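>>> fold the following.
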Amino acid sequence: MSNRLLFAGLVGAGLIATLSGCISLNGAEADAPPAPYGPVPTERQLRWHALEFYGFLHFTVNTFTDKEWGYGDESPGVFNPTDFDADQIVRTARDAGMAGLILTAKHHDGFCLWPSRYTEHSVKRSPWKNGQGDVVREISDACRRHGLKFGVYLSPWDRNHRDYARPEYLTYYRNQLRELLTGYGELFTVWFDGANGGDGYYGGARERRRIDNRTYYDWPNTWALVRELQPFACMFSDAGPDFRWIGNERGFAGDPCWATLDMTRPGRYPGGSSDGLTHGERPGTAWLPGECDVSIRPGWFYHPGEDEKVKTPAQLLEIYYASVGRGCCLNLNLPPTGAAAFMTTTSGPCGVTAHPGRDVFPEPCSGGGADGEPRAGGGTDLWAGRFARWEGGDLLGDARRRADAFGDAAIPATGDVQRGGTARVPAPGAAPRGLRGRSVAGRGMGRVCPGDERGEPASAAVRHTGPDRAGALARHPGVRLPRPVRVRALSRTGPGVSPGRLRASSPL
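Below you'll find the model as predicted:
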């Protein structure tokens, strides 16, 4: 008996010591959460990434000359929209589920869509509105009226300016950039093209000029100007500094597509090498997520001869899966016509009235409203009216949620998901907002918010929220939908990359 009592006493003492250690350890974890590993996104990048889908507006003298790249000698007199309607343009983008618009304030031809103080090659010398018009002002104001973000594209290459390829041009370029940064409200992005140098008008010289795109533009000082005047504007170029080109203009990211890039490799500057951009790189030295830019037409500017070549809803859906579905943002170009409105097709203005997911996923997977409570009618009224009724959510969010049931899901390896090791997605009836994640690695549409406590294992969600796959394929035979899978435990992605990934097990 004494031996048994002694043994029980020792076991009890051991349990107390163990529990004390656990309590101490848990307390330490609560006080000191683990530090992030490797490159992580800034608040500016997170704001940009949450937009997911926005649009490009390519519009300038090329619209009226039927060219893709103007030579720089075009008369301002050719720019004369007959029925400019900024509200129609912005409403169409909003109704398609876009979160913002980027306007080509100046393309390679050098013509400025605002009355710049530093050149006569602008709208102030055009017949449009007797030289009193300002396209940048009208589009930016319309974006604010309709709840969209606004950004600008300012081409570094200027085929009109006499000083291009000389040091004096940088002063001119930055003066124009300052006008845009200070005169048109908050900008969500400043988009720097990688096209650099070549033949052009150049003030009448009509010659070919070359520059060293590694050093000529002195990008660090140009970027500093943006940081000073628009601290939350994300800057785009081939290699950042905030988000990168995806390496093609087809709208397709690599699979997988990592949000990091190794900036120690050669060619990491605007207009430099495209090596590694399509897939990203791990481990990387910088957080540089990708943007997939693509035009809804073959060209970037409107050309009447391409009216029958507008991308179909099935094509747009496939692009959406291969861009946002792989962790990138989608920048879809919608070029206005010479009337400065969108061409009307059988699909609606500019060929798109809503995100193509509307046809493949005809009903929301959740009937819930912004408060998570079921709404009358089961939620099908999401498709009516203006598609932005769920506390900042949109049509794309529902397409993304439905696509979780079609293929792999990839989620950020942070918060409760990383610690618990079990992926959770909101059950039907949960607030759609809960699925708006930050960054995604891998395939599929798995924008899952790891902080949402409501939900159930993703494998169950796949079973009961999956739409009619056969019906979707029958309606859209051109869409390549990934096979539905059952998802299981979270896998860490390894050094240099923050997102985690859900492994797929056997197809359902």
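
>>> and the end-to-end length of stretch 34-48?
One end of stretch 34-48 sits 26 Å from the other (Cα to Cα, to the nearest Å).

>>> same question, stretch 300-315
Note: stretch 300-315 ends 17 Å apart using Cα to Cα.

>>> what comes up buried for that stretch?
300-303, 306, 310-311, 313-315 (16 or more other Cβ atoms under 10 Å). C-betas here are computed from N, CA, C, even on glycine.

>>> and if you look at stretch 100-108?
In terms of neighbour count (16+ other Cβ under 10 Å), stretch 100-108 has its buried residues at 100-108.

>>> circling back to that earlier point, among the buried residues of stretch 300-315, which lie within strands?
Using DSSP state E, no member of the buried residues of stretch 300-315 falls in strands.

>>> from these, which land in helices?
Among the buried residues of stretch 300-315, the members found in helices (DSSP state H) are 313-315.

>>> before we move on, back to that, mind putting the buried residues of stretch 100-108 into CSV with pLDDT?
Compiled in CSV, the buried residues of stretch 100-108 are given as follows (pLDDT from 0 to 100):
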residue, pLDDT
G100, 98
L101, 98
I102, 98
L103, 98
T104, 98
A105, 98
K106, 98
H107, 97
H108, 97
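
>>> going by distance to P266, which of those residues wins?
When these are ranked by distance to P266 (Cβ to Cβ), H108 comes first, at 25.7 Å.

>>> my read: that closest one touches G70, true?
Yes. The pair H108 / G70 is scored as a contact, 6.7 Å apart, by Cβ atoms under 8 Å.

>>> what touches both of these two?
Contact with both H108 and G70 is made by residues R159, according to Cβ atoms under 8 Å, 6 or more residues apart in numbering.

>>> phi, psi of S122?
Dihedral angles of S122 (phi, psi; degrees, to the nearest 10) stand at phi -160, psi -180.

>>> ok, it - contacts?
By Cβ under 8 Å, 6+ apart, S122 lies in contact with 76, 111-116.

>>> what's the closest of those residues to A32?
For the contacts of S122, the nearest to A32 is W114 (51.3 Å; Cβ to Cβ).

>>> give me the neighbour count for the residue nearest to the closest one when sequence neighbours are not counted.
Closest residue in space to W114, ignoring its immediate chain neighbours: V136 at 4.1 Å, by Cβ to Cβ, 6 or more residues apart in numbering. Counted with other Cβ atoms under 10 Å, residues neighbouring V136 total 24.

>>> please apply the same query to the one 4 residues further on.
Residues lying near S140 (other Cβ under 10 Å) number 27.

>>> for the protein, what spans make up the helices?
2-31, 43-51, 62-65, 86-95, 135-145, 167-183, 219-229, 313-323, 357-360, 395-404, 415-420, 458-465, 469-475.

>>> residue ranges in the stretch 301-450 of the chain under the pLDDT threshold?
Within the stretch 301-450 of the chain, the ranges that satisfy pLDDT under 70 run 340-450.

>>> again, 50 this time
344-353, 356-357, 361, 364-450 (pLDDT under 50).

>>> and the residue nearest to N331 when sequence neighbours are not counted, what does it touch?
The shortest distance from N331 to any non-neighbouring residue, by Cβ to Cβ, 6+ apart, is to D293 (4.3 Å). Shown in contact with D293 (Cβ under 8 Å, 6+ apart): 56, 245-246, 249, 251, 331, 333.

>>> possible to save the residues you listed as CSV with distance to P167 and neighbour count?
Shown next, in CSV, are those (distance: Cβ to Cβ, whole Å; neighbours: other Cβ atoms under 10 Å):
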residue, distance to P167, neighbour count
F56, 31, 24
W245, 27, 22
I246, 33, 31
E249, 31, 13
G251, 37, 26
N331, 32, 27
N333, 33, 21
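
>>> Throw those into CSV and include distance to G203, thanks.
Formatted as CSV, those follow (distance: Cβ to Cβ, whole Å):
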residue, distance to G203
F56, 29
W245, 30
I246, 35
E249, 30
G251, 37
N331, 32
N333, 30
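
>>> restricted to strands, list those residues.
Using DSSP E, the contacts of D293 in strands are 56, 245, 331, 333.

>>> for the second one, what are its contacts?
Put plainly, it is W245. So W245 contacts 194, 236-239, 274, 277, 290-291, 293 (Cβ under 8 Å, 6+ apart).

>>> the same query, at a cut-off of 6 Å, please.
Contact partners of W245, counting by Cβ atoms under 6 Å, 6 or more residues apart in numbering, are 238, 277.

>>> enumerate the beta-bridge partners assigned to it.
E291 (DSSP bridges).

>>> go on, the last one?
Each beta-bridge partner of N333 is listed here: F56, S295, as defined by DSSP bridges.

>>> I'd say it and S295 touch.
Yes. N333 is within contact range of S295, at 3.9 Å (criterion: Cβ atoms under 6 Å).

>>> the buried residues of stretch 300-315: which two are farthest apart?
The most distant members of the buried residues of stretch 300-315, if one measures by Cβ to Cβ, are F301 and A314, lying 24.4 Å apart.

>>> quick revisit: can you list the ones in strands among the contacts of D293 in a markdown table and add distance to W128?
As requested, the ones in strands among the contacts of D293 are arranged in a markdown table below (distance: Cβ to Cβ, whole Å):
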| residue | distance to W128 |
| --- | --- |
| F56 | 21 |
| W245 | 32 |
| N331 | 27 |
| N333 | 22 |
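
>>> so which of those residues comes closest to V40?
Sorting the ones in strands among the contacts of D293 by how near they are to V40, with Cβ to Cβ, puts W245 at the top with 21.4 Å.

>>> how much space between the closest one and D293?
Distance of W245 to D293, given as Cβ to Cβ, to the nearest Å: 7 Å.

>>> what's the answer for H108, then?
Relative to D293, and taking Cβ to Cβ, H108 is found at 16 Å.

>>> care to break this protein down by domain?
According to automatic domain parsing, the chain comprises the domains 43-353, 359-507.

>>> how about L57: what's its closest non-neighbour residue?
Nearest to L57 is L103, by Cβ to Cβ, 6+ apart, at 4.8 Å.

>>> actually, S273.
Leaving aside its chain neighbours, S273 sits nearest to G267 (2.7 Å; criterion: Cβ to Cβ, 6+ apart).

>>> so what's the residue count around the one you found?
14.

>>> then D158?
28.

>>> would you check that it makes contact with E168?
No. Taking Cβ under 6 Å as the definition, D158 is not a contact partner of E168, at 11.9 Å.

>>> run through the residues that contact M98.
Applying Cβ under 6 Å, 6+ apart, the residues contacting M98 are 53-55.
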